[in-house]
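**Student:** Give me the fold of what follows.
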Amino acid sequence: MLLMPDVIKKTPITISEVKELVYSRWSENLSSLIIDQRKLFEYLSKYDKVSSAKEAREAVKRLVEDYGIKEEDAIMLVDIAPEKKDEIMAYLYRGYPLLGEKEYEGIAKLLESIRKKINS
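**Tutor:** Have a look, this model is predicted:
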């Protein structure tokens with residue numbers, strides 16, 4: 001009999017982290033995956049915009065610590081990886097009206113540093 005703990009801790013994770021977890025579990029048996037599992041692989045590959053899960057988690061940590069952004073909002077930014085400062089402002093302005101120009105520039109540089117290099 002499997003006993004479930006009374007409290008289950010849920011931790012939000014980035015798309016890059018999901019991709020790494022799924023790939024590590026399913027990569028050995030790719031040919032035996034069902035259609036939904038294959039579609040999940042396609043989705044994760046298509047929408048993962050960060051170079052690695054480790055870089056994604058580090059970026060989330062820096063956004064939380066350096067800019068006071070909630071973890072869920074930091075994960076959203078890392079997953080979307082907006083390229084322009086104005087796009088970042090659109091996502092954060094209502095929740096973080098006190099962030100200034102300097103902070104938005106810092107966030108933009110951080111996101112640029114972790115974004116996949118498509119043309120490399």
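**Student:** Excluding chain neighbours, what is closest to the residue nearest the centre of the chain?
**Tutor:** In the chain, the centroid-proximal residue (C-alpha atoms, centre = their mean) is residue 14; its distance is 3.1 Å. Counting by C-beta to C-beta, 6 or more residues apart in numbering, residue 14 lies nearest to residue 56, which is 4.2 Å off, once chain neighbours are set aside. Heads up, the C-betas are built off the backbone N, CA and C, glycines and all.
**Student:** What of residue 99?
**Tutor:** Spatial nearest neighbour of residue 99, excluding adjacent residues (C-beta to C-beta, 6+ apart): residue 92 at 6.3 Å.
**Student:** Give me the pLDDT value at residue 26.
**Tutor:** pLDDT, residue 26: 79.
**Student:** cool, and residue 5?
**Tutor:** Per-residue pLDDT puts residue 5 at 62.
**Student:** cool, and residue 15?
**Tutor:** Per the predicted model, pLDDT is 94 at residue 15.
**Student:** just checking, it touches residue 45?
**Tutor:** No - at 10.0 Å, residue 15 and residue 45 do not qualify as touching, with contact defined as C-beta atoms under 8 Å.
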